[in-house]
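Peer 1: Please work out how this folds:
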Amino acid sequence: MIADFDKTMYDAFRKTIHDFCGIYLADDAYNEFTQKVRERMLQLGLDNNYARYYSLLGSRTDDELRKLVELITNNETYFFREPSHFRILKMHLIPEILKQKREKKIKVWSAGCSSGEEAYSIAITLHEARLIYGDFEAQVIATDIDRAALSHGRKGHYNKNAFRSVDVYYLNSYFKNPAADKTYRVIDERIRKMVLFEYVNLFQEDYGELIRDFDIIFFRNVSIYFSKNKIREINKRLAHTLTENGFLFVSSSETLHHNFGHLKLVEKDGVFLYQLKPSTPVTDTQPIQTKTIETLVKQPARKSNTPAPELRTEVKPVQFEQIFKMFKNGNYDEALSHVEDNLRHNGQSIPFLVLKTHILIGKELFVNAVDVCRQMIAVDPVEAESYFLLGLIHLYRHEPVRAEEHFRKTIFLKNDFSLAHFHLASVLWNTGYKDDARREYRNAVRILENRADASLSFIALAYSSEYIINACKQYLK
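Peer 2: Prediction:
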């Protein structure tokens, strides 16, 4: 080992961390990681002796390695993050699971629970569901590799930043203000008793008897730290802990990272998640393929179920490329007329519907544009372009919450949709979630530096890769 913290030393550190817990440190994380290592060495009185500190990480107990991992992981979380997941849990999954089981019991795993906000949000949702579906036994297992975060979760004390997405009803019903201190709230004892916090390294050899037979797993914003091979490994191991027909939640931006064929992608009231179906063996199969705009453009146009009216003329519709040129030149009305002509001839063709939506957005006919997006979803419910366009419409209408929801759905379906990452980052930045925004800006840069974005929306909006990359890098500075 050499004394300076150069690339060789960095590679040695990140390999050790990757082997221990699956966390992958990218090349652009070098400066941030170096700062964390220096902070830890100062605490230990090691000055700048990186080689000596590295030798500590190989101790048999792994205590120092755990402390370093705790420093580099981001424990940014809050109650009811991605509220649509809890809506689906309450209104769809709980009644479905109870109907299938003889024993009225639901067991949920919050894997990578951090300081407990997610686990307690799950417990509150389960408790509320009892008021609707009758009494049933509920247990939430909350695990993490960060012992300090687990201790925080067991304590159940949270400051106001943790409640940024909490409904007033939940806030008043399940969180109490200590009489002597108004700076934080304490979780209700009924909810605290439903959650068991335990240390688990997801890459440890054996999870133990506790980590098994889950009806539902929440594994959100954890795999963002992992390499693809490690995600594949964890995906398979998580699937083994699910009961038959059990469900796995990942965050909206992680969906296709988990698409290895171990679980089936399903949709519940507009939310995508995974399910262990009897016909889905937990094996190392090839990923399930999802359709993208690139393949749709090359496919024959879809035929509508409703026969198209007969045309009075035999003149063939103008070709897509010609109409697209009209749109780019600002001839919206002419382009829209030819798009409608093609849709009458060829049925509900996704590329023409995408172009029609862009034209309507250009004319600021947002209500009409939303209707076309809904048509696209009816034709193909996993078409990423339709959700991106809905996000764009809500962004233009100054509705950031709805815009964020649809940009996340887009990424869920097509993780390399660079504009979805870029616009999601902008929404997050403007609403104060700057750490999350930086991650999305990095994602956009990574995608565009490796390949050109071939989505129709990228071309229609006249962005260049260089422009987006430079804009992202300005924010990252």
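Peer 1: all contacts plus neighbour counts: C-alpha atoms, from now on.
Peer 2: OK.
Peer 1: The closest residue to F203 other than its chain neighbours and R66: what is the separation?
Peer 2: Take F203 and drop its neighbours on the chain: the residue closest to it by CA to CA, 6 or more residues apart in numbering is C21, 5.6 Å away. For C21, the distance to R66 (CA to CA, to the nearest Å) stands at 9 Å.
Peer 1: Count residues in the vicinity of the residue nearest to F203, would you?
Peer 2: Other residues lying near C21 total 19 when counted by other CA atoms under 10 Å.
Peer 1: what does A129 give?
Peer 2: If we define neighbours as other CA under 10 Å, then A129 has 18 of them.
Peer 1: got it, and T241?
Peer 2: Residues contacting T241 under the criterion other CA under 10 Å number 18.
Peer 1: same thing with the one 5 residues further on?
Peer 2: The number of residues packed near G246 is 21, by other CA under 10 Å.
Peer 1: if I read this right, it contacts F218, doesn't it?
Peer 2: No: with contact defined as CA atoms under 8 Å, G246 does not reach F218; the gap is 11.3 Å.
Peer 1: so what's Y184 closest to, chain neighbours aside?
Peer 2: N159 (4.2 Å).
Peer 1: That neighbour is in contact with K182, isn't it?
Peer 2: No: the pair formed by N159 and K182 falls short of the contact definition of CA under 8 Å, at 9.2 Å.
Peer 1: any idea how far D453 is from Q204?
Peer 2: Note on D453: its distance to Q204, by CA to CA, is 38 Å.
Peer 1: what's in contact with stretch 378-395?
Peer 2: Outside of stretch 378-395, the residues within contact range by CA atoms under 8 Å, 6 or more residues apart in numbering are 290-293, 348, 350, 354, 357-358, 361, 366, 369-370, 373-374, 376-377, 400, 402-407, 409-411, 413-414, 420, 455, 457.
Peer 1: Pull out the buried members of these.
Peer 2: With neighbours counted by 16 or more other CA atoms under 10 Å, the contacts of stretch 378-395 contain buried members at 293, 348, 350, 354, 357-358, 361, 366, 369-370, 373-374, 376-377, 400, 402-407, 409-411, 413-414, 420, 455, 457.
Peer 1: Can you report how many residues neighbour L126?
Peer 2: Other residues within reach of L126 by the criterion other CA under 10 Å amount to 24.
Peer 1: no no, L56
Peer 2: Neighbour number of L56 under other CA under 10 Å is 14.
Peer 1: Would you mind confirming that it is in contact with E64?
Peer 2: Yes: the pair L56 and E64 qualifies as a contact (CA under 8 Å) at a distance of 6.7 Å.
Peer 1: quick revisit: and the contacts of stretch 378-395, which of them are in helices?
Peer 2: Within these, membership in helices is found for 293, 350, 354, 357-358, 361, 366, 369-370, 373-374, 376-377, 400, 402-407, 409-411, 413, 420, 457, as judged by DSSP state H.
Peer 1: what about H358, distance to V37?
Peer 2: 48 Å.
Peer 1: cool, Q375 as well?
Peer 2: Taken as CA to CA, the spacing of Q375 relative to V37 amounts to 52 Å.
Peer 1: Share the number of residues neighbouring A239, please.
Peer 2: The burial count assigned to A239 is 24, neighbours taken as other CA under 10 Å.
Peer 1: go on, the one 4 residues further on?
Peer 2: The number of residues packed around T243, counting by other CA under 10 Å, is 18.
Peer 1: Which strand or helix spans it?
Peer 2: Element membership of T243, judged by DSSP states H and E, is strand 242-249.
Peer 1: Quickly run through the sheet partners of that strand, with directions.
Peer 2: Each strand that strand 242-249 pairs with, and the sense of that pairing, follows from DSSP bridges: strand 214-218 (parallel), strand 271-275 (antiparallel).
Peer 1: report the angle between the axes of the last one and helix 400-413?
Peer 2: Per axes from the mean of the first three to the mean of the last three CA atoms, to 10 degrees, the angle that strand 271-275 makes with helix 400-413 is 40 degrees.
Peer 1: Buried residues of strand 271-275, list them for me.
Peer 2: Buried residues in strand 271-275, counting neighbours by 16+ other CA under 10 Å, are found at 271-275.
Peer 1: Show the pLDDT at G362.
Peer 2: In this prediction, G362 carries a pLDDT score of 82.
Peer 1: How about the contacts made by it?
Peer 2: Taking CA under 8 Å, 6+ apart as the definition of contact, the neighbours of G362 are Y332.
Peer 1: Would you check how far apart it and N331 are?
Peer 2: Between G362 and N331 the distance is 10 Å, computed by CA to CA.
Peer 1: that older thread, for the residue nearest to F203, which residues are in contact?
Peer 2: Neighbouring residues of C21 by CA under 8 Å, 6+ apart: 201-204.
Peer 1: Show me how far stretch 460-467 is from its chain's centre.
Peer 2: Centroid displacement of stretch 460-467 relative to its chain, using CA atoms, centre = their mean, to the nearest Å, is 24 Å.
Peer 1: Return the set of buried residues in it.
Peer 2: 460, 465.
Peer 1: Straight-line length of it, end to end?
Peer 2: Across its full length, stretch 460-467 reaches 15 Å between end residues, using CA to CA.
Peer 1: How about stretch 92-111?
Peer 2: According to CA to CA, stretch 92-111 extends 21 Å from its N-terminal end residue to its C-terminal end residue.
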